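J.: Following is a predicted model, sequence given first.
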Amino acid sequence: TIGLSLYFNEPVILVFGLVASPFLRPVFALALFPHAHKFRHWIKSLVSLLIPVLLAFLAGVLAGYLQKTGQINRLDGIRFSAPYWLDMAAVALSAFLCVFFLIRQGKLPRKMGVILAYEILVPIALAGFSLPLGLARLWPNAILIAICHLVMAVFVAIIAFLILGFSPKHYTGWMLAILPLILSFTLVIGSLSLSGMTLPAFSFKPSPTSIPINDATHTPTKMPTGTNTSRVIASPTEKLMTQTSTIAPSSTSSPTNTLSPTASPSPQPTRFSIIVDSINGIVIRESADFQAPVVGYANDGTQFEVLDQSISENGSIWYQVTIETGETGWLLASLANTETPTATENN
């Protein structure tokens with residue numbers, strides 16, 4: 001069901017899947033290992049934990065392969081591309097309360113289990129979802145975040161057991177208790193370093209690109225005093241060039257107006273602008289194909305000038321635009337709003 005929620009971009013399906021998902025009991029079985037020292041039980045708990053994690057990852061891979069557009073804006077999945085203190089606080093509080101209710105009431109609270117499933121299984125599914133879409137800088141971050149949340153839950157559960165009287169046995173138990181803390185710090189640092197290279201679509205706001213205008217001034221001689229302004233079109237891809245002719249008085253020659261250089265006006269192609277309309281940004285590909293490599297990303301609200309249009313075999317409309325690096329790429333037209341086209345007038 002988590003995979004279905006990614007495919008349909010539907011949070012209701014995600015909530016249903018999290019509520020219906022099995023409680024992550026192996027997390028607390030692993031937390032008891034420093035106290036119990038039962039290696040066979042630890043292996044069994046680890047395998048039991050890896051099964052739902054692997055299923056969530058494969059469900060995400062399948063959803064990403066079938067959907068192809070990468071639209072998950074309604075699920076707010078991009079929050080798992082970098083560490084977020086509120087997510088880590090939710091994991092820590094949920095793990096502590098689970099141990100508290102387990103010791104005091106003899107059962108694990110179901111609601112806390114839903115929060116842990118969201119913080120651990122959803123980023124794993126998101127990593128699988130982004131893998132077939134070619135988002136090479138997103139899926140490793142999501143995996144690191146999921147593992148970080150998992151290790152943090154185990155460590156907080158160990159601390160909770162310690163506070164409630166289940167202290168580790170011998171020095172090996174204390175070493176095993178400290179190990180999740182070390183792993184947590186390592187994963188947080190690793191995910192922070194990677195988050196500095198995450199999708200540019202979520203890490204910067206593009207600045208408007210200025211278009212240079214070439215002004216050419218020509219001063220003819222022996223002309224009556226006056227000013228004459230004309231515009232010459234250099235090529236279909238250049239902006240209008242303003243030329244100013246300065247006229248000087250002369251008593252021996254007739255007024256003539258000489259312009260240099262002289263170019264024949266050519267029709268300016270009609271172009272129009274688009275604005276990205278996707279909360280999580282948009283992927284820009286090398287060609288108008290869902291399987292094409294990713295060459296860039298754009299934030300929600302980024303404005304582009306459309307260079308060309310193309311319709312793929314499945315009927316999808318694509319726009320060719322220029323990205324910040326100067327390269328051209330293609331984005332899906334359904335993820336952008338079109339502004340009113342305006343043609344350049346030639347005088």
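T.: Looks like it arrived, so ask away. Numbers count the residues shown, from 1 in each chain.
J.: What count of nearby residues applies to S45?
T.: 20 (other CB atoms under 10 Å). For glycine as for every other residue, the C-beta is placed from the backbone atoms N, C-alpha and C.
J.: My guess is it contacts K38. True?
T.: No - under the criterion of CB atoms under 8 Å, S45 is not in contact with K38, lying 9.5 Å apart.
J.: Show me what the longest helix seen in the chain is packed against.
T.: As far as residue count goes, and with DSSP state H defining each element, the longest helix of the chain is helix 39-67. Under the contact criterion of 3 or more CB pairs under 8 Å, 6 or more residues apart in numbering; DSSP states H and E, the helices and strands touching helix 39-67 comprise helix 2-8, helix 26-31, helix 33-36, helix 110-130.
J.: Downstream of the longest one, the next helix or strand is which one?
T.: So the one you mean is helix 110-130. helix 139-163 (DSSP states H and E).
J.: So for that following helix, mean pLDDT?
T.: For helix 139-163, the mean per-residue pLDDT is 85.
J.: Over to stretch 302-320?
T.: Mean predicted lDDT for stretch 302-320 stands at 85.
J.: In the helix or strand following the longest helix of the chain, which residues are buried?
T.: Next helix or strand after helix 39-67 toward the C-terminus (DSSP H and E): helix 85-105. Buried residues in helix 85-105, counting neighbours by 16 or more other CB atoms under 10 Å, are found at D87, M88, A90, V91, A92, S94, A95, F96, L97, C98, V99, L102.
J.: these two touch, right, the second one and I145?
T.: Okay, so that is M88. No - under the criterion of CB under 8 Å, M88 lies out of contact with I145, with a separation of 9.4 Å.
J.: give the contact list for I115.
T.: A90, V91, S94 (CB atoms under 8 Å, 6 or more residues apart in numbering).
J.: That should have said L150, apologies.
T.: Neighbouring residues of L150 by CB under 8 Å, 6+ apart: V27, L49, I120.
J.: got a markdown table for those residues, with pLDDT too?
T.: Converted to a markdown table, the contacts of L150 look like this (pLDDT from 0 to 100):
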| residue | pLDDT |
| --- | --- |
| V27 | 84 |
| L49 | 84 |
| I120 | 89 |
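J.: Write the PyMOL selection for whichever of the residues you listed are buried.
T.: Only the buried entries of those go into this PyMOL selection, using 16+ other CB under 10 Å:
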select buried, resi 27+49+120
